[in-house]
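J.: Build me a model:
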Amino acid sequence: MESRSSLLPPEPLAQRISRLFAWAAGACILFGCGLLVSLDVITRAIFRRGVIESFEISGYAFAAAVGLGMAFAVASKSHIRVDIALGLLPRKLRAPFDLIASAALAAVALALAWFCWGVLDQSIAMNAKSVSTMQTPMALPQSVWFAGLFWFAAMSVIVPVQALLRLLAGDRAGFEALVGSLRVDEEIEQAGVDSDLAGGKRP
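T.: As a prediction, the model looks like this:
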């Protein structure tokens, strides 16, 4: 019997890139925060002093993880939406509101990326460094942060465009999958699918 995974359409390139960014965000949390802080605690317990600037590095890692993970939140519709009234509307009227919500997110994402670039550009121009003993060039962590927010802005534009094209093509299910608001039963089902994927299983 053919598995459901073989019947699913291939994941678009933009969504695959967002998934890779999400894995990178997870690595930042695991190694940049969890591992370094653990090593710092151990060294302080043994040597009575820290040998790693875990506080500073974990701050950079966390900021990078936030930026890198936001695009995947767009692709997986993980951002919080207040849609109490949306469920009361007829199905045909929900699409415009879904597109308006996506456009609003895109506007916010573009603004974040723009101002983030301003911060990075200023750090490069000033050759800004951290005030700690590490003297970290601020352009290094800010570059990763900007890369994540840039791709977040790109995905916030790409996804509604993909959804609109599917809607114009008559693919309402594809439109709903990209930008449609999830119902409670759909969120439960998605959580189960994500758990299976995390465990290496395909639905």
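J.: Number of residues surrounding residue 104?
T.: 11 (other C-beta atoms under 10 Å). In short, each C-beta sits where N, CA and C put it, glycine included.
J.: Averaged pLDDT, stretch 135-154. What do you get?
T.: Stretch 135-154 comes out with an average pLDDT of 94.
J.: CA atoms only for it, dumped as PDB, please.
T.: Presented in PDB, the C-alpha positions along stretch 135-154 are these (Å, rounded to 0.1, in the frame of the first residue of the first chain):
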ATOM      1  CA  GLN A 135      35.400  42.500  22.500                       C
ATOM      2  CA  THR A 136      33.100  40.700  20.100                       C
ATOM      3  CA  PRO A 137      32.600  42.600  16.800                       C
ATOM      4  CA  MET A 138      28.900  43.300  17.000                       C
ATOM      5  CA  ALA A 139      28.500  42.800  13.200                       C
ATOM      6  CA  LEU A 140      29.100  39.100  13.600                       C
ATOM      7  CA  PRO A 141      26.100  38.100  15.800                       C
ATOM      8  CA  GLN A 142      24.000  40.900  14.200                       C
ATOM      9  CA  SER A 143      24.700  39.500  10.700                       C
ATOM     10  CA  VAL A 144      23.100  36.200  11.700                       C
ATOM     11  CA  TRP A 145      20.200  38.000  13.400                       C
ATOM     12  CA  PHE A 146      19.700  40.100  10.200                       C
ATOM     13  CA  ALA A 147      19.900  37.000   8.000                       C
ATOM     14  CA  GLY A 148      17.100  35.400  10.000                       C
ATOM     15  CA  LEU A 149      14.900  38.500  10.000                       C
ATOM     16  CA  PHE A 150      15.500  39.100   6.300                       C
ATOM     17  CA  TRP A 151      14.300  35.600   5.500                       C
ATOM     18  CA  PHE A 152      11.400  36.100   7.800                       C
ATOM     19  CA  ALA A 153      10.400  39.100   5.800                       C
ATOM     20  CA  ALA A 154      10.900  37.200   2.600                       C
END
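J.: so where does the residue positioned nearest the centre of the chain fall, helix or strand?
T.: Against the mean C-alpha coordinate of the chain, by C-alpha atoms, centre = their mean, the closest residue is residue 70 at 2.1 Å. Following DSSP states H and E, one finds residue 70 within helix 54-75.
J.: And for residue 118?
T.: Assigned by DSSP H and E, residue 118 belongs to helix 91-126.
J.: still on that earlier bit, what's the spacing between the helix holding residue 70 and its chain's center?
T.: On the basis of C-alpha atoms, centre = their mean, to the nearest Å, helix 54-75 sits 9 Å off its chain's mean C-alpha point.
J.: Show me which residues of it are buried.
T.: Within helix 54-75, the residues that count as buried by 16 or more other C-beta atoms under 10 Å are 54, 56-58, 60-61, 63-75.
J.: Residue 31 versus residue 58, what's the distance?
T.: Note on residue 58: its distance to residue 31, by C-beta to C-beta, to the nearest Å, is 10 Å.
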